[in-house]
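> turn this into a model:
(one chain, ligands or ions: 2)
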Amino acid sequence: MTPVAPSLVVVKVGTSSLTDERGAIEPGAVAKLAAEVAGLRTDGTRVVVVTSGAIAAGLPHLGLADRRPSDVAVLQAVSAVGQGHLVLEWYRALDAVGLVGGQVLLAPHDFMDRSQYLHARQTLRLLLELGVVPVVNENDAIADDEIRFGDNDRLAALVAHLVAADLLVLLTDAPGLLTADPRFDSEASLIEEVAEVDHELESLAGGAGSDRGSGGMASKLAAAKIAAWSGVRAVIADAGRPGVLADAAADVAGVGTVVRPRARRLAARKLWIAFAVAARGTVVVDEGARRALTTRGVSLLPAGVVTVHGSFVADDAVALAGPDGKVFAKGLARHDAGRLRALAGRRSSELPAEVPPEVVHRDDLVLLP
Ligand SMILES: Nc1ncnc2c1ncn2[C@@H]1O[C@H](COP(=O)(O)OP(=O)(O)O)[C@@H](O)[C@H]1O
Ligand SMILES: N[C@@H](CCC(=O)OP(=O)(O)O)C(=O)O
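Ligands and ions are numbered 1, 2, ... in the order given. Next up is the predicted model:
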């Protein structure tokens, strides 16, 4: 049976696949991918491109190609120089195959603030309706250092959820997820199919392959996991492979590593809690509470709380850990850390009437694997 062409694909391409050793953008690499995007469009598939490379592209223009600064604030400034060059290369390459690109720069804040989130979604939808290929990158120049994505893999997965894509393709300089980091094990072989991203698999994925890439295979796998939880199929594959996008779209075996979507798509709010917002503290609960939360889907009450770590305010995200310290869930706290410390271990009947009875409400709680 011929597989149905996906209707919307998010394609993320890493710095290491778009730039040469000195960091300069390789027009040929961009042109190759633009031609493949055009091929998908001919099959009726709409495409969003998420492209890295702004920082690398900025370095040569500032005479810094051979001595990449380590200071994050300086790199953010460098990205402002490089982003223009990067997007121009995409516009040229898309134009050469009869397509129009539209630059969209996103910061983590855009996924945390509901109205920003809805605006971003509306603009991306309109661009797609207009036949434009959105060319997305993180807004490196202005994103708050502490909450920057830092690599575009997670950004691409959140964009795939935002636009309700049916496929996320993460293109890199390796054939996919290998059984070991290829820099340290020449025998490493391709894992073609992943049903569930678990801890064992995560332990295989190492850091970046060059000082141009940033997240390495670990961040690609984390992104594929977000996609799987969003109900989106993910493929990690080699950007240089001929016909990589068509093969990924057609689910050709061996194109790279395919991560299958979970049967149940997590609601947008829960996905946001699990992956987009950073935990500001950890609440350690007793075994009874851990069991009730994991098996009965109930809310966390103060009686089950043993210890509170960190400093957070009501509505911040917190990690929930069992008595062994293992984090098993994440949620939004209804109390700030100070009040929660005072309430820990108290039965609901002992709480003052004005205090919300839940520590984390079941609607704001996500179980992690
Ligand atoms: N298990 C693994 N399988 C494949 N690649 C791995 C693995 N562990 C670490 N890597 C490294 O991850 C690199 C890709 O990530 P990265 O350098 O961040 O690229 P990109 O710029 O495409 O995001 C590969 O070049 C490889 O060296
Ligand atoms: N937003 C950054 C991306 C950072 C980065 O290097 O990402 P990646 O190569 O995808 O691991 C940039 O454009 O330089």
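> for Val283, give me its contacts.
Going by C-beta atoms under 8 Å, 6 or more residues apart in numbering, Val283 touches 300, 305, 307-309, 318-321, 333, 340, 359-360. Glycine gets a C-beta too; all of them are placed from N, C-alpha and C.
> again, only this time at 6 Å
Residues in contact with Val283 (C-beta atoms under 6 Å, 6 or more residues apart in numbering) are Val305, Val308, Val318, Leu320.
> what lines up beside the helix or strand where the second one lies in the sheet?
Val308 is part of strand 305-310, with elements assigned from DSSP states H and E. The sheet places strand 305-310 alongside strand 279-285 (antiparallel), with pairing taken from DSSP bridges.
> buried set for the strand it pairs with?
Within strand 279-285, the residues that qualify as buried are Ala279, Gly281, Thr282, Val283, Val284, Val285, counting by 16 or more other C-beta atoms under 10 Å.
> after the strand holding Val308, which helix or strand is next?
Counting by DSSP H and E, the element after strand 305-310 in chain order, helix or strand, is strand 317-321.
> closest one to Val327 out of the buried residues of strand 279-285, please.
Thr282 (7.1 Å; C-beta to C-beta).
> can you add distance to Tyr117, pLDDT and neighbour count and give the contacts of Val283 back as TSV?
Shown next, in TSV, are the contacts of Val283 (distance: C-beta to C-beta, whole Å; pLDDT from 0 to 100; neighbours: other C-beta atoms under 10 Å):
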residue	distance to Tyr117	pLDDT	neighbour count
Val305	31	97	23
Val308	29	97	24
Val318	21	97	26
Leu320	24	98	28
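> adding distance to ligand 1, write those residues out as CSV.
Converted to CSV, the contacts of Val283 look like this (distance: C-beta to the nearest ligand atom, whole Å):
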residue, distance to ligand 1
Val305, 38
Val308, 35
Val318, 29
Leu320, 29
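> closest one to Arg125 out of the residues you listed, please.
For the contacts of Val283, the minimum distance to Arg125 (C-beta to C-beta) is 32.9 Å, reached by Val318.
> roughly how far apart are Arg148 and Ala218?
Going from Arg148 to Ala218 by C-beta to C-beta, to the nearest Å gives 17 Å.
> what number of residues lie near the closest residue to ligand 1 within the stretch 251-369 of the chain?
In the stretch 251-369 of the chain, the residue that lies nearest ligand 1 is Thr257 (8.4 Å; C-beta to the nearest ligand atom). Residues lying near Thr257 (other C-beta atoms under 10 Å) number 25.
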